[in-house]
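In: requesting a structural model of the entry that follows:
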Amino acid sequence: MNLRRFPLLIGLSAAAVALLLVGLGLLPPAPSTARTVRPVPAAAAVVPLLPAPTGRHPVGRADLGLTDRQRTDPFTRRGPRELAISVWYPARDTAGRPRAPWMPPAVARGFASNAARILGLPTGLVDWSAVRTHAAVDAPPATSARHRPVVLYSPGLGTSRSWGTVLVEELASSGYVVVTLDHTYEALGVDLGHGKIAKAVTAGSGTDEELARRMRVRTADTAFVLDALARPSTRRALPAGLGAQLDLDRIGMFGHSAGGITAAETMARDPRLDAGLDLDGFNVTPARRSWPELDRLVRDGLDRPFQMVGSTAAPAGELPARLSAGSPASVSVRRLAGTAHYSFSDFQALLPQLRDRADLSGSRTARLIGTAAPQAVVHREREIVTGFFDRHLLRPGRTGG
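Out: Just a heads-up that it's a prediction; the model follows:
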């Protein structure tokens, strides 16, 4: 399988980048050789801002650790599988509560060193640990006369659940409960609590078989999170009253890159998902035998609403057309002009704030977030994501509150 349409794996260790470059055929842009990248004094570090959500609700966030005791961790081969999730929701009152960090501090520190190396940013240019979301930590949930639909979010291969914050907050401010998950030991770093940071495991051949195995882990992670949301113990761990608001009869899922493929493969296996949305994850060539699940997905299609939204940075692959042809009543495909792969992540909003300070070339940023006006892209993507789930999860006579 050739996934050359992914322009960069930001944030992985050097070994992890090497593994995934071999496995996926990726060639990340090299740091600029035309200038010397010098450290920036700590006092001069930039703290970029995420755009505020536009829905009528303020947003709360609760972070939880989950343990799947029925599954040995497939990466370490010892102990049960541990996951970290964040639950984003409409809040009643956020006054006096701290805003949740974009990334946990320990994860942000690891990301900072890799971003400097891969993007060619001056070391210390950005204080990633100081970047804040608009969500208040453990804020009391807004009251609602109806249960709220639930949407899951899965990030791209090797990346963090933090990177979808702009779209996740937009959904939460519009009345949804959104659950974001990291895929432990595949993600660049996961804070599992108790001082434990799970870093990416690089063992493996980097072949299509390894990628397919990681995708199977992702779908198993997603199924477990769905199971956990139905358990009273998980609901009790949420801010008081929020657990009772979850409507597990209305569940959607979306993701960026490999997270979008995760949404599709989970839908194919799990009838609990009512609708799915893939953000630039399916622009690939036909699957080989080493990824039988993807072959099966294309052959059998999907029987519930699923939309693929792609960039225009690379020619369209065959899979979107094949999947939509096999599921004409369920699957739709669209592309956003002037976008690139990371236009569908928070970097669409963050990178333009660093462009001048980092002296990034136009070609470098174009490879990451395209050439369209950044604010316009963010606005359009918010419309697409909220509009899709409004159509398919807010059934007649029922609203998200």
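
In: any idea where the helices of the stretch 201-350 of the chain begin and end?
Out: 208-229, 232-237, 258-269, 292-300, 319-326, 347-358 (DSSP state H, counting those that start in this stretch).

In: and residue 180, that's in a strand?
Out: Yes: according to DSSP: H, G, I helix; E, B strand; the rest coil, residue 180 belongs to a strand.

In: hmm, back to that, deepest of the helices of the stretch 201-350 of the chain, which one?
Out: helix 258-269 (a mean of 26; mean count of other C-beta atoms under 10 Å). For glycine as for every other residue, the C-beta is placed from the backbone atoms N, C-alpha and C.

In: so who does residue 305 touch?
Out: Residue 305 makes contacts with 274-276, 330, 388, 391-392, as judged by C-beta atoms under 8 Å, 6 or more residues apart in numbering.

In: apart from its chain neighbours, what residue comes closest to residue 103?
Out: Counting by C-beta to C-beta, 6 or more residues apart in numbering, residue 162 is the residue found nearest to residue 103 once chain neighbours are left out, at 4.7 Å.

In: wait, the one you found sits on residue 88?
Out: No: assessed by C-beta atoms under 8 Å, residue 162 is found out of contact with residue 88, at 11.6 Å.

In: and for residue 231, the neighbour number?
Out: 12 (other C-beta atoms under 10 Å).

In: any idea how far it is from residue 352?
Out: Distance from residue 231 to residue 352, counting by C-beta to C-beta, to the nearest Å: 42 Å.

In: what sits closest to residue 324 if chain neighbours are left out?
Out: Looking at residue 324 with C-beta to C-beta, 6+ apart, the closest residue is residue 331, at 4.3 Å.

In: who's the one you found bridged to?
Out: Note on residue 331: beta-bridge partners by DSSP bridges are residue 306.

In: quick one, what contacts it?
Out: By C-beta under 8 Å, 6+ apart, residue 331 lies in contact with 301-302, 306-308, 323-324.

In: can we see that at 6 Å?
Out: 302, 306, 323-324 (C-beta atoms under 6 Å, 6 or more residues apart in numbering).

In: name the nearest of the residues you listed relative to residue 253.
Out: residue 306 (9.6 Å; C-beta to C-beta).

In: my guess is that closest one meets residue 275, correct?
Out: No: Residue 306 lies out of contact with residue 275 (C-beta atoms under 6 Å); the separation is 7.0 Å.

In: so residue 239 touches residue 138, yeah?
Out: Yes: if you go by C-beta under 6 Å, residue 239 and residue 138 touch, sitting 5.2 Å apart.

In: now do the shared contacts for those two.
Out: residue 62.

In: give the helix, strand or coil label for residue 97.
Out: coil.

In: thinking again about what came up before, would you mind measuring from the residue nearest to residue 324 to residue 304?
Out: In terms of C-beta to C-beta, residue 331 sits 9 Å off from residue 304.

In: ok now do residue 82, which residues does it touch?
Out: 67, 184, 192.

In: what about the last one, which helix or strand?
Out: This means residue 192. strand 189-193 (DSSP states H and E).

In: show me where pLDDT drops low in the stretch 201-350 of the chain?
Out: Confidence mapping of the stretch 201-350 of the chain against pLDDT under 70 gives the ranges 202-206, 283-290.
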